[in-house]
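[1] okay, predicted coordinates and the sequence, questions at the end:
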Amino acid sequence: MSDGIGALERALGVEVVATGDEIPVRNWNDWAGLDPVRPLALVRPRSTEEVAAALRICSEWRLPVVPQGGLTGLAGGARPRADAVALSLERLAGVEDIDPASASMLVRAGTTLQAAQEAAAAADLFLPLDLGARGSCQIGGNLATNAGGNRVIRFGMAREMVLGLEAVTADGTVMSSLNRLIKNNAGFDLRQLFVGSEGTLGVVTRAVLRLQPQPVTRVAAFCGLRDYPAVVELLRRARRGLGGLLSAFEVMWPVFCETMFAECAHLRRPLSGRHGMYVLLEAQGYDPHRDGSRFEQLLEGMLVDGLLADAALAGSEAEIRRLWEIRDAVAEFRRIFGPHINFDIGLLPQHAGAYVDRLTPLLETQFPGIRAVYFGHLGDGNLHVVTSVPEGVSAHAIEALVYRLVSEFGGTISAEHGIGTIKKPWLALVRTPAEIHLMRQLKRTLDPHNILNPGKVIDP
């Protein structure tokens with residue numbers, strides 16, 4: 001291993017390769033909460049060519065490589081190993097080009113999502129991908145995990161925004177397919193091999209992202225409803241009444257809201273009473289004369305019909321941000337719960353209420369003293385369950401209960417966070433043997449020596 005590190009240093013220079021105490025502590029872990037591990041070395045390439053050189057050398061010396069983006073992942077996918085090289089893309093940053101005619105941008109993998117969003121906005125265009133970690137997460141990591149976030153209900157997952165991709169495979173081969181065409185059926189769609197592969201099949205270095213027109217209107221409301229069936233009906237009517245304007249449908253159970261309001265002094269209650277369910281409803285559009293009134297008429301009709309018990313309509317951009325602060329307060333979970341588990345599951349929207357109703361008493365019975373909150377992007381079927389881990393309780397036992405019930409409901413154990421190491425033991429609950437066999441074949445073909453993010457997602 002020392003010979004391999006020496007080869008990296010000679011090829012790339014000590015300004016790119018760090019070892020020992022020179023490796024920053026932040027590169028010892030991601031946000032999953034596992035124990036930190038100092039990698040054997042940290043490589044921070046400045047170009048695709050340096051990424052390729054690093055992987056060629058690591059392949060030659062059989063050095064495991066753990067790709068790292070913004071380190072905001074919650075599944076352990078970017079957590080290094082003591083015998084591995086951490087490959088950080090942080091220096092491979094910047095928006096190279098924005099093409100208004102094709103409404104696309106060419107961006108390097110280490111660019112933060114927020115920087116990409118701001119560059120698009122400066123060109124009067126819109127990058128729809130959005131999540132709470134926008135200021136830290138990087139485009140390469142967003143694509144490697146097929147990030148979801150707040151606007152999936154309207155614009156889809158990250159993979160829907162990728163027109164072209166450049167990635168480096170385990171042996172250092174640069175696979176450059178920086179396509180800008182929306183319609184291109186010339187052979188296999190190789191870009192999608194790497195989107196969602198969590199760095200196990202290749203390292204994303206650049207991407208062409210599809211942009212949208214910059215919305216000129218944004219309206220939002222915080223709604224109180226009697227129960228979960230009313231939430232499902234609200235979703236149906238919002239889709240019908242708003243069509244393509246509907247940009248977010250964030251559902252919060254009462255236990256989530258009450259916990260956030262009690263623990264976060266800066267949050268304000270939008271509604272005066274208590275309700276059985278809460279929804280943050282948002283619409284974005286292009287007609288300043290009609291979009292607001294269309295949204296208000298929808299709310300008024302549902303209030304008159306009794307579907308909504310109450311609703312607080314945001315009257316300004318500042319008020320919209322305050323409503324989103326309630327949903328985005330999830331960053332406080334570590335402080336509120338201490339040891340905890342972030343579950344990121346996917347269910348059909350009509351099943352999520354029944355799932356929570358079944359799960360809650362099971363958790364309380366089997367793990368006395370446990371705390372659990374429920375919320376999510378239920379417009380696209382993404383439910384987040386966050387539980388504390390009481391002293392003396394095995395996290396594995398909590399995971400077994402949560403994930404086996406997900407399997408019974410025909411859902412998925414990962415809607416947007418990926419598999420990493422944390423969810424790998426449960427993959428067979430939601431993917432068939434044939435699917436897992438094909439995943440293994442792809443891994444062996446593209447990474448025959450198993451150096452790329454070994455131990456993550458799937459074993460070869």
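    Great, that's in hand.
[2] for the residue positioned nearest the centre of the chain, what are its contacts?
    The residue lying closest to the centre of the chain (Cα atoms, centre = their mean) is Ala147, at 3.6 Å. By Cβ atoms under 8 Å, 6 or more residues apart in numbering, the residues touching Ala147 are 129, 131, 137, 141, 157-158, 416. Heads up, the C-betas are built off the backbone N, CA and C, glycines and all.
[3] in helices, which of those appear?
    Among the contacts of Ala147, the ones falling in helices (DSSP state H) are Gly141.
[4] looking at the contacts of Ala147, which has the smallest pLDDT value?
    The member of these with the lowest pLDDT is Leu131, at 90.
[5] phi first, then psi, for that one.
    phi -150, psi 170 (degrees, to the nearest 10).
[6] so it makes contact with Cys137?
    Yes - look at Leu131 against Cys137 with Cβ atoms under 8 Å: they come within range, at 6.8 Å.
[7] look at the two and report which has more neighbours.
    Neighbour comparison, Leu131 and Cys137: the larger count goes to Cys137, with 24 against 19 (by other Cβ atoms under 10 Å).
[8] right, and the more buried one touches Asp130 too?
    No - with contact defined as Cβ under 8 Å, Cys137 does not reach Asp130; the gap is 10.4 Å.
[9] need the overlap of contacts for the two.
    With Cβ under 8 Å, 6+ apart, Cys137 and Asp130 have common neighbours Leu113.
[10] Asp459: which element?
    Of the helices and strands defined by DSSP states H and E, none includes Asp459.
[11] now for it: which residues touch it?
    Under the criterion of Cβ under 8 Å, 6+ apart, the neighbours of Asp459 are 424, 440.
[12] repeat that for 10 Å
    Applying Cβ atoms under 10 Å, 6 or more residues apart in numbering, we find Asp459 in contact with 424, 436, 439-440, 443, 450.
[13] distance to Thr365, secondary structure and neighbour count for the residues you listed - can I get that in a markdown table?
    Formatted as a markdown table, the contacts of Asp459 follow (distance: Cβ to Cβ, whole Å; DSSP: H, G, I helix; E, B strand; the rest coil; neighbours: other Cβ atoms under 10 Å):
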| residue | distance to Thr365 | secondary structure | neighbour count |
| --- | --- | --- | --- |
| Lys424 | 28 | helix | 17 |
| Ile436 | 32 | helix | 14 |
| Met439 | 36 | helix | 19 |
| Arg440 | 38 | helix | 13 |
| Lys443 | 40 | helix | 22 |
| Asn450 | 42 | coil | 16 |
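[14] out of those, who's nearest Val95?
    Nearest to Val95 out of the contacts of Asp459 is Lys443 (Cβ to Cβ; 31.7 Å).
[15] related to what we said a few turns ago, with distance to Glu296 and pLDDT added, can I get the contacts of Asp459 in CSV?
    Supplementary listing: the contacts of Asp459 in CSV, determined by distance: Cβ to Cβ, whole Å; pLDDT from 0 to 100:
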residue, distance to Glu296, pLDDT
Lys424, 47, 96
Ile436, 49, 97
Met439, 48, 97
Arg440, 53, 97
Lys443, 52, 97
Asn450, 57, 97
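[16] those residues: which two are farthest apart?
    Spanning the widest gap among those are Ile436 and Asn450, at 15.9 Å by Cβ to Cβ.
[17] could you pull out the helices for this structure?
    With DSSP H as the criterion, the chain has helices spanning 2-12, 48-61, 113-122, 139-144, 152-155, 191-194, 228-242, 254-263, 291-305, 317-328, 333-337, 352-366, 395-408, 433-446.
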